[in-house]
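**Student:** my questions concern the predicted model and sequence given below.
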Amino acid sequence: MTDLLNIAYVQPDIKWHDIEGNLRQYDTMLDGISDADLIVLPEMFATGFTNQLDGTAQTMDGPLADWMLTKAAAKNAAVAGSQIIYDNGHYYNRLLIAMPDGRLEWCDKRHLFRMGCENETLSPGNELKIINFRGWHIRPVVCYDLRFPVWLRNTGNNYDLLLCVANWPTARHSIFETLLRARAIENQCYVVGVNRVGTDGLGIDYAGGSSVIDIYGGVMSRLPENTIGIGRATVSLSKLNAYREKFPTILDADGFEIDI
């Protein structure tokens, strides 16, 4: 168990449908990371946000997962990012988390973005996942999931860190930043939100603004908009637990069940 978790988050300009080109870009960007526990890439980090399955979908034992596991071992860090994954007859927008010990954890995007027709090609996730890593309980989610507070409600303080990977367009960028802070406040947790920059193959613009939000809803670390780069933050489990003990809103929380 570690009290301090060192986070590095990557804000790229994703090359459209170019998996090999994007992995070369990440190879270069990750070269300078040597002391992170958790390295976070955006949603569909190897292709950009797409509904095209041919040439973009991967498998759990394919080259993209192998690349993530190789990086995790080399950096002694968990490496997270989502991609379209074909598994058991279905396609998912799956957030993969490669562990340095060779394990591959994942969760599937629950809320598919119907305005982008994602629900017409992919299957929704049906499992709420919390991953234990170095004594931290991490709740991984993907982009549009961030809009749904019931799905993300931290019942019983079950997780310490909410991890959201995204391709969140510039047109709704202020909503992204607002929701990141709101989820931290209402769930008394740290939040990591990782976005991309640039223009994708459909002409959609992305401003980035990737950030780490503290347990009070304040911005701990943030990358400038429209800038390729790597951001860093260190979060404290003891600080989080002390705040929860001093200000235990969970004791007054409403009970409910999620229908999955």
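**Tutor:** Yes, it's here. Numbering: from 1, shown residues only.

**Student:** and Glu177, how far is that from Ile213?
**Tutor:** Using CB to CB, to the nearest Å, Glu177 is found at 9 Å from Ile213. Every C-beta, even on glycine, is put in place using the N, C-alpha and C of the backbone.

**Student:** Ile84: neighbour count?
**Tutor:** Residues near Ile84, counting by other CB atoms under 10 Å, number 23.

**Student:** flag every buried residue along the one helix or strand Ala242 maps to.
**Tutor:** Remark: Ala242 resides in helix 237-246, with elements defined by DSSP states H and E. Applying a neighbour-count criterion of 16 or more other CB atoms under 10 Å, one finds Leu237, Leu240, Arg244 buried in helix 237-246.

**Student:** next one: stretch 243-258
**Tutor:** Arg244.

**Student:** mind checking how far it is from the chain centre?
**Tutor:** In terms of CA atoms, centre = their mean, to the nearest Å, the gap separating the centre of stretch 243-258 from the centre of its chain is 24 Å.

**Student:** can you list the neighbours in contact with it?
**Tutor:** Residues outside stretch 243-258 that contact it (CB atoms under 8 Å, 6 or more residues apart in numbering): Leu128, Val150, Trp151, Arg153, Asn154, Thr155, Gly156, Asn157, Gln188, Ile215, Tyr216.

**Student:** in helices only, show me those.
**Tutor:** Taking DSSP state H as the definition of helices, these contribute Val150, Trp151.

**Student:** for PyMOL, what selects the buried ones among the contacts of stretch 243-258?
**Tutor:** Here is the PyMOL command that selects the buried residues among the contacts of stretch 243-258 (16+ other CB under 10 Å):
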select buried, resi 128+151+153+154+157+188+215
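
**Student:** stretch 48-55 - what's its average pLDDT?
**Tutor:** With pLDDT averaged residue by residue, stretch 48-55 scores 96.

**Student:** contacts for it?
**Tutor:** If you take CB under 8 Å, 6+ apart as the criterion, stretch 48-55 is touched by 14-17, 43-44, 56, 84, 86, 91, 116-118, 120-122, 143, 167, 196, 200-201, 204.

**Student:** put the buried members of those into a PyMOL selection.
**Tutor:** Those of those that count as buried under 16+ other CB under 10 Å are selected in PyMOL with:
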select buried, resi 14+15+17+43+44+56+84+91+116+118+122+143+167+196+200
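
**Student:** okay, and which of the contacts of stretch 48-55 map to strands?
**Tutor:** Judged by DSSP state E, the contacts of stretch 48-55 include Ile84, Tyr86, Tyr91 as members of strands.

**Student:** what segments of the stretch 151-260 of the chain are helices?
**Tutor:** In the stretch 151-260 of the chain, helices defined by DSSP state H, counting those that start in this stretch lie at 173-187, 237-246, listed in chain order.

**Student:** make TSV out of those helices and add distance to Ile258.
**Tutor:** What follows is the helices of the stretch 151-260 of the chain, written out as TSV (distance: least, CB to CB, whole Å):
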stretch	distance to Ile258
helix 173-187	15
helix 237-246	22
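
**Student:** out of those helices, the one nearest Asn6 is which?
**Tutor:** When these are compared by CB to CB, helix 237-246 sits nearest Asn6, at 12.4 Å.

**Student:** for that closest one, give the mean pLDDT please.
**Tutor:** Averaged across helix 237-246, pLDDT comes to 98.

**Student:** next: stretch 69-78.
**Tutor:** When pLDDT is averaged along stretch 69-78, the result is 98.

**Student:** what does that stretch contact?
**Tutor:** Outside stretch 69-78, the residues that touch it by CB under 8 Å, 6+ apart are 8, 26, 30, 33-34, 36-39, 79, 97-100, 102, 104, 133.

**Student:** which stretches in this protein count as strands?
**Tutor:** For the chain, the strands defined by DSSP E occupy 4-11, 38-40, 78-87, 90-98, 104-108, 131-133, 136-142, 161-165, 190-194, 197-199, 205-207, 211-213, 219-222, 229-236.
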